[in-house]
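Participant: Sequence first, predicted model second:
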Amino acid sequence: MEEIYFHIANLGFPIAVSIYLLVRIEGKLESLSASINELSKVIESLK
């Protein structure tokens, strides 16, 4: 039984944290992509 707890603590927790961070960063990446696209349109209109 202790071995199961050991594997959950050493494998489950890092996996859960990684998934949480990936989901959180995904929204910020989408926002960043939209900002870059808008900036490129503004730069193109200046030329």
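Facilitator: Nice, I can see it.
Participant: what helices or strands is the helix or strand bottoming out on mean pLDDT in the chain leaning on?
Facilitator: Lowest by mean pLDDT, DSSP states H and E among the helices and strands of the chain is helix 2-7, with a mean of 84. For helix 2-7, not one helix or strand is in contact under the criterion 3 or more C-beta pairs under 8 Å, 6 or more residues apart in numbering; DSSP states H and E. C-beta here means a position set from N, CA and C on the backbone, and glycine is covered the same way.
Participant: what comes up buried for the helix or strand that it is followed by?
Facilitator: Moving toward the C-terminus from helix 2-7, the next helix or strand (DSSP states H and E) is helix 13-46. Within helix 13-46, no residue counts as buried by 16 or more other C-beta atoms under 10 Å.
Participant: quick one: helix 13-46 to chain centroid distance?
Facilitator: Here the centre of helix 13-46 is set off from its chain's centre by 8 Å, with C-alpha atoms, centre = their mean, to the nearest Å.
Participant: for this structure, which spans come out with low pLDDT?
Facilitator: For the chain, not a single residue meets the criterion pLDDT under 70.
Participant: Nearest residue to the middle of this protein?
Facilitator: residue 25 (2.5 Å; C-alpha atoms, centre = their mean).
Participant: ok, now how distant is that one from residue 18?
Facilitator: Distance, residue 25 to residue 18, using C-beta to C-beta, to the nearest Å: 11 Å.
Participant: next one: residue 32
Facilitator: 20 Å.
Participant: How about residue 2?
Facilitator: Distance from residue 2 to residue 18, by C-beta to C-beta: 25 Å.
Participant: Repeat that for residue 29.
Facilitator: 16 Å.
Participant: go on, residue 37?
Facilitator: Relative to residue 18, and taking C-beta to C-beta, residue 37 is found at 28 Å.
Participant: what's the answer for residue 38, then?
Facilitator: In terms of C-beta to C-beta, residue 38 sits 30 Å off from residue 18.
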